[in-house]
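**Q** return a 3D structure for these sequence lines:
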Amino acid sequence: DATMQVGAVEQAITVTGESPVVDALHAGVTTNFNKDWLQTVPTARQSYFDVVTYAPSVKINQVPNDSRFVIFGSSSDQNSFQYEGVEISAVSNGGVWDFPSPDMMQEVEVKAVGVSAEYSNFQGGVVNIVLKSGSNQFHGLESAYWTPPSWVGNNTPNEPFPYHVDYSYQATGELGGPLAKDRVWFYGAIPWQMSQASNVGVDPAFAHGGHSTKPFVKTTFRFTNHDAGDLTWNDNIFCCAATASRTAPIETQTIEHGHNPVLAGHYTHSFGSATLFEVKGGGIYIRDNFTPYTDDFVTPGRSDSGTGFSSVNATTGSRQVHNRTTLDGSLTRAGAAFIKGTHDLKSGLQYVYATQQTNTLTFSNVSYSDLNGAKDQATFKDPAVTGGRIRQLGVYLQDNWTLDDRITFNLGVRYDHTLGDIQSMDSQTTLLGIDTTYPSAGANVSYPGIPDLIAFNNVSPRVGMTVRLDEAGKTVFKTNYARLYGKLATGMFN
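**A** This next block holds a predicted model:
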């Protein structure tokens, strides 16, 4: 018989403790959804907007995965949408244009009233996405989703053509790991989806599906013990479905397609253990096309104001180009001691440069409107171009002053100088159809810019206070005051 000897004895000590239930340092209303929450709670797979609706103070209509949510009563275009602190809102309307996949997210933050002076251009809330990063170990994940057509119920049994799903597929591949151990890491994901369906009253033979691919890459680096950062690239390459209806057949539909790349980068340098310098920047760069399903940029479309029917073709095609770039530099000093207690100080300088241009062509410069089958009106339109430009320079100072072990004051102020004007533009660009291209105007017309339309100089004070009502920090009283100025969008003046 073999005798087994003791090879080694190991001891493990696990120390556990209760962390405070309530954030006692900041007076603002903040909700964080971590990776475990995002992976376990059932939400729509195409994007993360369902997640936001779980935060308090958020109201949404009953459309699934809708980005038009209201936070603390403000309109949906007055929310700030960010990738790791970099603004990615659409220039034209201030709303969402990018639809990132939840699979690439480490955390979703929803900040509302009482946030620090670092945040601007919102009156509702700040929705920030923290993205996954690589580590010293390789990790991968593959997920797939499929909706079998036979599993889709028929809620309109008396209709000859009920709602019908031909196919619905979604899949994501993820991989992360080291490029140089302890120095450089990567994480990448490729979400993909493809679906085709037809509405009630529409023959499924005339359905036209859509698809999207959302590649994402993030590189994280730490060159020294004091220098670190990351670079992120994400894109949404898509072609939406052409959704015919009873009154608008497939040949009258306009298809939205294009891509919306997002860039973000951070660099930090620490001076000792208490001072941090940070630079971050990036933005969203939208290339969006609205073109006829037929790829016919010549034949005018028709509608009937009496019956509500459309026929022949779509009426217009357009191309939108949005560019929003943000740069932000800040300096943070933790634990500064003066007057009384300790102070966490942060000051920063922010710059925004954003432009939007939309070129629109009415096919053959005319559209027709009938009245109960009889010819009625012809509307003539020259090729059009609209757009605008926004520039903003902001500075801020924030002090989180911990007076003692019970009371903390959040004191902040920011100043923003905002300009709105119209840049010079050309009427002629190239409209990108599904399989063809076409000029947006037969001959180019150059329009001079219109300077000095809007100039705002806004001072935004922020004051908050938290009071621990017990030693454990389970009950905290919070109050705050802030003056928040709305976001300027080119759609307000273009």
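
**Q** any buried residues in stretch 130-145, and which?
**A** V130, L131, K132, G134 (16 or more other Cβ atoms under 10 Å). No exception for glycine: its C-beta is placed from N, CA and C like everyone else's.

**Q** over to stretch 393-401?
**A** Buried-residue list, stretch 393-401, by 16+ other Cβ under 10 Å: G394, Y396, L397, Q398, D399, N400, W401.

**Q** could you identify the most distant pair in the residues you listed?
**A** G394 and W401 (22.3 Å; Cβ to Cβ).

**Q** which SS class is I190?
**A** Using DSSP: H, G, I helix; E, B strand; the rest coil, the structure places I190 in strand.

**Q** before we move on, the earlier item: any chance of the buried residues of stretch 130-145 in a markdown table, plus distance to V91?
**A** Putting those into a markdown table (distance: Cβ to Cβ, whole Å) gives the following:
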| residue | distance to V91 |
| --- | --- |
| V130 | 24 |
| L131 | 22 |
| K132 | 27 |
| G134 | 32 |
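
**Q** relative to H208, which of those residues is nearest.
**A** Once Cβ to Cβ is applied, the member of the buried residues of stretch 130-145 that ends up nearest H208 is L131, at 33.0 Å.

**Q** for N365, grab phi and psi.
**A** Here is the backbone geometry of N365 (degrees, to the nearest 10): phi 60, psi 20.

**Q** next: N225.
**A** According to degrees, to the nearest 10, N225 has phi -70, psi -10.

**Q** so who does it touch?
**A** Shown in contact with N225 (Cβ atoms under 8 Å, 6 or more residues apart in numbering): S270.

**Q** what's the pLDDT at it?
**A** On pLDDT, N225 comes in at 92.

**Q** turn the buried residues of stretch 393-401 into TSV, including pLDDT.
**A** Output for these, formatted as TSV (pLDDT from 0 to 100):
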residue	pLDDT
G394	97
Y396	97
L397	97
Q398	96
D399	95
N400	93
W401	92
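
**Q** what comes up buried for the strand or helix carrying M465?
**A** In this assignment (DSSP states H and E), M465 forms part of strand 450-468. For strand 450-468, burial by neighbour count (16+ other Cβ under 10 Å) applies to N458, S460, R462, V463, G464, M465, T466, R468.

**Q** chain neighbours aside, what residue packs nearest to the third one?
**A** The reference is to R462. G412 (3.8 Å; Cβ to Cβ, 6 or more residues apart in numbering).

**Q** what are the pairing partners of the host helix or strand of the one you found, and which direction each?
**A** Element membership for G412 (DSSP H and E) is strand 407-422. Strand 407-422 has its sheet partners listed here by DSSP bridges as strand 384-402 (antiparallel), strand 450-468 (antiparallel).

**Q** and the first one, how far out from the chain's middle?
**A** Just to be clear, that refers to strand 384-402. 17 Å (Cα atoms, centre = their mean, to the nearest Å).

**Q** now swap in stretch 457-473 and tell me
**A** Worked out by Cα atoms, centre = their mean, stretch 457-473 lies 28 Å from the chain centre.

**Q** all further residue positions should be reported with the first residue as 577.
**A** Let's use 577 as the start, then, which means that last one is stretch 1033-1049.

**Q** just the CA trace of it, in PDB.
**A** Output in PDB follows, covering the C-alpha atoms of stretch 1033-1049 (Å, rounded to 0.1, in the frame of the first residue of the first chain):
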ATOM      1  CA  ASN A1033     -22.100  83.000 -21.400                       C
ATOM      2  CA  ASN A1034     -23.500  80.800 -18.600                       C
ATOM      3  CA  VAL A1035     -22.400  80.500 -15.000                       C
ATOM      4  CA  SER A1036     -23.600  77.300 -13.300                       C
ATOM      5  CA  PRO A1037     -23.300  77.000  -9.500                       C
ATOM      6  CA  ARG A1038     -23.600  73.600  -7.800                       C
ATOM      7  CA  VAL A1039     -24.100  73.200  -4.100                       C
ATOM      8  CA  GLY A1040     -24.800  70.000  -2.200                       C
ATOM      9  CA  MET A1041     -24.600  68.500   1.300                       C
ATOM     10  CA  THR A1042     -24.700  65.000   2.800                       C
ATOM     11  CA  VAL A1043     -25.200  64.200   6.400                       C
ATOM     12  CA  ARG A1044     -24.700  60.700   7.900                       C
ATOM     13  CA  LEU A1045     -27.600  60.200  10.300                       C
ATOM     14  CA  ASP A1046     -25.900  57.100  11.800                       C
ATOM     15  CA  GLU A1047     -22.300  55.900  12.300                       C
ATOM     16  CA  ALA A1048     -22.700  53.000   9.800                       C
ATOM     17  CA  GLY A1049     -23.800  55.300   7.000                       C
END
